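Trainee: Sequence and computational prediction follow.
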Amino acid sequence: MDQPPRRPLLLPLVIVLVAFGPISTDLYLPALPRIGEVFGAGPESVQLTLSVFLAGFAAGMLVYGPLSDRFGRRPVLIGGILVYLLATLACALAQSIEWLIAARFLQALGACCGPVLGRAVVRDLYGPSRAAQALSYVAMAMAVAPAAGPVLGGVVTQWVDWWANFVLLLAFGGLALAGVLAILPETNRHRDPTATQPRRLVTNYLGLLRNRTYLGYVVTVGAGYGGIFAFISGSAFALIGGLGLTPLAYGFCFAAVVAGYMVGSFASARLYGRIPLDGLVRLGNLAMLAGGLAGAALALAGLWSVAAIVLPTAFYLLGCGLVMPNAQAGAIGPFPRMAGAAAAMLGFLQMSSAALLGIVVGQFQDGSPTAMMLAILLSAVASAAAHRWIVPPRALDRAG
């Protein structure tokens, strides 16, 4: 447990690793309408570059977790980042929407190593009791990526073109690889030589899904992220296509929404120890419900404006900043000997549900925010319901 003070750069490196997901989805969001224009593709086809990425992200997670439980976090991370770099180069060189969709799937197979193993590293170093606080700080700092990403993506899309976003992602992947090689020690102290055996894999994953506490937190996380992804997949078409914003203006709107997540994550870290883990999740769910209800009501009333989209969604993400790190810690904390598998299954279900929701939102995309805001409201309801009725009463609540 003395590693973090002796290695102060480890937590910043974990932030970079966990940021693989949001930076790879959010940076190129302002370029989505431009990609459709260049390749002659409709919104539903362009949106597939996001949903297919999440599908690959989810599938890869099931592999990286057990591999790291057997062979260690460091070598598996190095391999995953190399896959990411090659696939990102293929994205930048894409000549058709089909090529880009396929390359995005491969890019996701590499990118997912970062969040899965980054969270497992936190569990390795901080244990179950301090992991929630550490993950709150990670979530707060990681929010810089989706806040700054669309602004930067809007700049390079306007000044260069859509492919320049993937050149930036190539540089990000190279930085992450250098950090792993230079900074990260092997943190897995409980390697399991049987972790990758098919029978053991099935047994571990079924055991996790039979655990009511784990399942409840996973559904809470998955539902919350579903609302975030509904905004990610639908906001460019609503704000740029529907309301006529420039890519750069869209980037600033996206950053304003993500600021809500940063506030919620900061509050979670500061309130750690004062309010029990489950109390923070309940508080976050209330904020998500309030934001979801306000956004859906405005959209159904036909009040389509930048403020009517940005403000309710920012409040929803404030709630997510409270819910996500605490629910993630609640799910992974009880499983020190298969933290990789626990993080992998959590990520798989989180990304799978979000990908499906994104496809649904894409099918109803008409330039209005209605489908997106209704999806955000349904996600808030599902998150609150899962935490209220699936997660059993916990001793952690009583202990504070």
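Mentor: Received it, and whenever you're ready, just let me know what you need. Just so it is clear, the structure is predicted and the values come from calculations on it, not from any experiment.
Trainee: Figure out the helix or strand that the residue nearest to residue 275 when sequence neighbours are not counted lives in.
Mentor: Nearest residue to residue 275, sequence neighbours excluded (CB to CB, 6 or more residues apart in numbering): residue 283, at 7.3 Å. All C-beta atoms are positioned from the backbone trio N, CA, C, and that covers glycine. In this assignment (DSSP states H and E), residue 283 forms part of helix 277-300.
Trainee: got it, and residue 24?
Mentor: Judged by DSSP H and E, residue 24 forms part of helix 20-26.
Trainee: Do you know the pLDDT at the residue lying closest to residue 156 once chain neighbours are set aside?
Mentor: With CB to CB, 6+ apart as the criterion, residue 156 has its nearest non-adjacent residue at 4.2 Å, and that residue is residue 164. Reported pLDDT at residue 164 in the predicted model: 95.
Trainee: What of residue 93?
Mentor: 95.
Trainee: Run a quick neighbour tally on it.
Mentor: Residue 93: 12 surrounding residues under other CB atoms under 10 Å.
Trainee: Let me see the contact set for it.
Mentor: By CB atoms under 8 Å, 6 or more residues apart in numbering, the contact set of residue 93 is residue 163.
Trainee: what's the distance between it and residue 103?
Mentor: 8 Å (CB to CB, to the nearest Å).
Trainee: before we move on, what about residue 344?
Mentor: 23 Å.
Trainee: The two: who's more crowded?
Mentor: Each of residue 344 and residue 103 has its neighbours counted (other CB under 10 Å); residue 344 has more, 32 against 23.
Trainee: so that one touches residue 62, yeah?
Mentor: Yes - at 5.4 Å, residue 344 counts as touching residue 62 under the criterion of CB atoms under 8 Å.
Trainee: Could you check how many residues crowd around the nearest residue to residue 32 once chain neighbours are set aside?
Mentor: The shortest distance from residue 32 to any non-neighbouring residue, by CB to CB, 6+ apart, is to residue 236 (4.5 Å). By the measure other CB under 10 Å, the count of residues near residue 236 is 31.
Trainee: Check whether residue 236 really touches residue 26, as I assumed.
Mentor: No - in this structure, residue 236 is not within contact of residue 26 by CB under 8 Å, at 10.4 Å.
Trainee: now the strands: where do they sit in the stretch 251-400 of the chain?
Mentor: Counting by DSSP state E, counting those that start in this stretch, the stretch 251-400 of the chain has no strands to list.
Trainee: what sits against residue 367?
Mentor: Per CB under 8 Å, 6+ apart, neighbours of residue 367: 237, 238, 241, 242.
Trainee: coming back round to it: tell me the average confidence for the helix holding residue 283?
Mentor: When pLDDT is averaged along helix 277-300, the result is 96.
Trainee: do the same with stretch 27-46
Mentor: Mean pLDDT, stretch 27-46: 89.
Trainee: How about that stretch, which residues are buried there?
Mentor: Going by neighbour count (16 or more other CB atoms under 10 Å), the buried part of stretch 27-46 is 27-36, 38-39, 41, 43, 45-46.
Trainee: Convert the C-alpha atoms of it to PDB, please.
Mentor: Extracted C-alpha coordinates of stretch 27-46, given in PDB (Å, rounded to 0.1, in the frame of the first residue of the first chain):
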ATOM      1  CA  LEU A  27     -12.200  14.200 -29.800                       C
ATOM      2  CA  TYR A  28     -13.700  13.600 -33.300                       C
ATOM      3  CA  LEU A  29     -17.300  14.400 -32.400                       C
ATOM      4  CA  PRO A  30     -17.300  17.800 -34.100                       C
ATOM      5  CA  ALA A  31     -16.100  16.000 -37.300                       C
ATOM      6  CA  LEU A  32     -19.100  13.700 -37.500                       C
ATOM      7  CA  PRO A  33     -21.200  15.800 -39.900                       C
ATOM      8  CA  ARG A  34     -18.000  16.400 -42.000                       C
ATOM      9  CA  ILE A  35     -17.300  12.700 -42.100                       C
ATOM     10  CA  GLY A  36     -20.800  12.100 -43.400                       C
ATOM     11  CA  GLU A  37     -20.300  14.800 -46.100                       C
ATOM     12  CA  VAL A  38     -16.900  13.400 -47.200                       C
ATOM     13  CA  PHE A  39     -18.000   9.800 -47.500                       C
ATOM     14  CA  GLY A  40     -21.600  10.500 -48.500                       C
ATOM     15  CA  ALA A  41     -23.000   8.700 -45.500                       C
ATOM     16  CA  GLY A  42     -26.200   9.400 -43.500                       C
ATOM     17  CA  PRO A  43     -26.300  10.100 -39.700                       C
ATOM     18  CA  GLU A  44     -27.100   6.500 -38.900                       C
ATOM     19  CA  SER A  45     -24.000   5.200 -40.700                       C
ATOM     20  CA  VAL A  46     -21.700   7.900 -39.200                       C
END
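Trainee: Can you give the contact residues for that stretch?
Mentor: 47, 49, 96-97, 100-101, 149-150, 152-154, 157, 161-162, 165-166, 168-169, 232, 235-237, 240-241, 247-248, 250-251, 254, 362-363, 365.
Trainee: do that again at 7 Å, thanks
Mentor: Residues external to stretch 27-46 that are found in contact with it (CB atoms under 7 Å, 6 or more residues apart in numbering): 96-97, 149-150, 152-154, 157, 162, 165, 168-169, 232, 236-237, 240-241, 247, 250-251, 254, 362-363, 365.
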